[in-house]
Structures are given as C-alpha cells and as structure tokens.
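**Q** Sequence and predicted structure are below.
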Amino acid sequence: MRFEGLDLNLLIALDAIIEERSVMAASRRLHLSQPAMSAAIGRLRHYFNDEIFTISKRKLVPTPLAQSLERPTRDILLRIRANLISVPRFEAANSQRRFRIVVSDYASMVLMHPVMKRVYDSAPGISFELFPFNDRVHDQLERGDVDFVIVPDVDVLDGHPKQYLFADEFCCVAWTGSRKVGRSVSLSRYLQLGHVTAQFGPTRRAAFEERTLVKLGYKRRIEVVAPNFTTMATMVIGTDRVATMHERLAVVFARNFPLKLLRAPVRISGFREILQWPASFHSDPALVWMREIISDVAAEIDRTPAAKMTFG
C-alpha cells in the first residue's frame, strides 16, 4: 500500500532497523531475509534521498533524518495497531492471546502466580510471557512491545497510565538452625552478620534495601550477591547469614523452607507496586480485561497485611 508514493511497509522496516541497529536482527524480527531487508533500506534511501543509516563499528547508525523519523514512525504504527488491527471485541474464554509482562521475580511469585491461576481457570487458552527488567523497559512500553510493566512506585515510567496494586514492607530472613540469629536481631548484631543481597541487570544495580541502607549510612558485610530476590532467601539456609527482603515474598519461602522471619532493626520505608501499560493501547479490550484481573488479585493481596505473619 502506498501513500504519497511511500510504500507503508517500509515504515515497518524503518522502525525495526532503528530499534535493532542491525540488518540481521531486524530481518529476524520481521521474518524477512537479509537481502529483502537490505532492499528495503535501499528503497528508503531512494524515497527520502538520504543515506538513512551509516555503518560504524559494524553497527547501523541512523542519520539525523532517520532519527527525526523515529518518533513519528513509531506513533503511526502504534495508532494503526491500536485502532485498525486490534480486535474490537475480546472473548477471554475463547482467546489465544499471549500477554507480555515485564515483572520482577518478586512480583511474579507474589502477584502473577495467583493471577495466572485465576486466568487459567476462566480462560485456559490465554498464555503469558514474563520478561525481566532491563535498560529498554521504557522503549518496550513506548513501542507496545510489552503489554504491562509492574514496578515499584520509585521506578514509575513517565508518559503512561498507572494503577496502584499493593504495598509491602521489608523484614529479615535467617535459617532456623542459625546459632547467631535468635528470635530477634539487634542493629549491632545485624551489622556484624554476613548478608545476602541482590544486584540486577547488566549494570548490576543494587537492590532497594541496599541503596536505602547506604543512604542511611549503614555498611553491611555483603558475603553473597544473588541474581534475583527469590535466590536471596535460600542462600541463607545452612549459614548464619541474613537477608533483608520483601515481607510478602519472605512469607512464601518461610512456608516451604527452614527459614525464620525477624523484624529488621533498621526502618526501611515500605514501597508500593504499580501497574503500567502503553498509553496507545489504553482502551484495548484485552488489556482492559487483564487489568481488571490483576487489579482484583492485587486488592486481595493488599487487604492481607504482610505483618500478619509471625516473626521469630
């Protein structure tokens, strides 16, 4: 299809190449051969009378013109998808829809597990694909590459709708057989103990509790750095180490492993989990349906105080 002499299929190619910065990756994404993608670049160059991309260190670098086309191209494709391609009606019971969600392992266990169970009971054809956080989350949401992002309130992404889900606090977790950790832990003992924490992504970003303690001026002896929250709890088993983690997740592990929960000797402010979705697909019937499911499950979680657990 052409508009003012431009083959609109070329916009799809342009969007993919700008995002991937690679003919091979863009070809794979669009299920095209590399010669076909190279031909699309040639047609873009002819239409805009511009190189569109140059090569630097084996990567495609967009020219200033291509950079200026990035946002409007993305907006056009998102509007077409939202208004012309999206199915106006959504019948969950018969749907084969796959929902793509960026979510931490913490929220996966505390929230998404009961969400997926509820969806399985009412709409078994629906599937999920969960992604870890990365440096491109904002772009993924902006482009509509993911349907939802579940983030702490301190990491909310600007420009997209958001909805409160539930709140949580922090506590300490220790092995039930620990000789150095009893029914409670003082601040001095807490700082003397070995600690398990987590770091995330290629930048190895510190966990929230570590960032908070550093700001408060406390220095812990970090003996184990785990790749995620769920690994932290099991890493203390068989040792005298302690982990400081989300109460709701700690409760899940304490029910299944030899762990005891203790009140943290340092006040670490609680946080709120937030649901976000692409502004361009705010009215998508499938997303509206899934938002209601997630919100209902989150409301049930929020009504059950994490502090209802037994410490020590």
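**A** In hand now; what should we look at?
**Q** for the residue lying closest to residue 23 once chain neighbours are set aside, phi and psi?
**A** Distance criterion C-beta to C-beta, 6 or more residues apart in numbering; nearest residue to residue 23, sequence neighbours excluded, is residue 37 at 5.1 Å. To be clear about C-beta, it is placed using only N, CA and C from the backbone, and glycine gets the same treatment. Dihedral angles of residue 37 (phi, psi; degrees, to the nearest 10) stand at phi -70, psi -40.
**Q** Contact partners for residue 37?
**A** Contacts for residue 37 (C-beta atoms under 8 Å, 6 or more residues apart in numbering) come out as 13, 17, 23, 26, 27, 30.
**Q** cool, and residue 225?
**A** For residue 225, the contacting residues are 196, 197, 198, 199, by C-beta under 8 Å, 6+ apart.
**Q** List the buried residues for the host helix or strand of the first one?
**A** Using DSSP states H and E, the secondary-structure element containing residue 196 is strand 194-200. Going by neighbour count (16 or more other C-beta atoms under 10 Å), the buried part of strand 194-200 is 195, 196, 197, 198, 200.
**Q** what do you get for stretch 132-143?
**A** Buried residues in stretch 132-143, counted by 16+ other C-beta under 10 Å: 133, 137, 140, 141, 142, 143.
**Q** Those in helices, which ones?
**A** Within the buried residues of stretch 132-143, residues falling in helices by DSSP state H are 137, 140, 141, 142, 143.
**Q** In TSV: these, plus distance to residue 54 and pLDDT.
**A** Output for those, formatted as TSV (distance: C-beta to C-beta, whole Å; pLDDT from 0 to 100):
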residue	distance to residue 54	pLDDT
137	28	78
140	26	79
141	29	78
142	25	75
143	23	75
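**Q** List just the nearest of those to residue 278.
**A** Closest to residue 278 out of those is residue 141 (5.5 Å), distances taken as C-beta to C-beta.
**Q** my guess is the closest one contacts residue 158, does it?
**A** No - the pair residue 141 / residue 158 is not scored as a contact, 10.4 Å apart, by C-beta atoms under 8 Å.
**Q** Can you give me every residue that contacts residue 270?
**A** By C-beta under 8 Å, 6+ apart, the contact list for residue 270 reads 167, 168, 169, 170.
**Q** confidence score at it?
**A** Reading off the confidence values, residue 270 has pLDDT 87.
**Q** Quick check: the gap between it and residue 208.
**A** Counting by C-beta to C-beta, to the nearest Å, the separation of residue 270 from residue 208 is 10 Å.
**Q** now the helices for the chain?
**A** Applying DSSP H to the chain gives helices spanning 9-20, 23-30, 34-48, 64-80, 105-107, 113-122, 137-143, 187-192, 208-215, 229-234, 247-254, 285-303.
**Q** Mind checking the pLDDT average for the fourth one?
**A** I take that to be helix 64-80. Mean predicted lDDT for helix 64-80 stands at 77.
**Q** Point out where the stretch 51-200 of the chain drops to low pLDDT.
**A** For the stretch 51-200 of the chain, applying pLDDT under 70 flags the ranges 57, 78-88.
**Q** The same query, at a cut-off of 50, please.
**A** For the stretch 51-200 of the chain, no stretch is flagged by pLDDT under 50.
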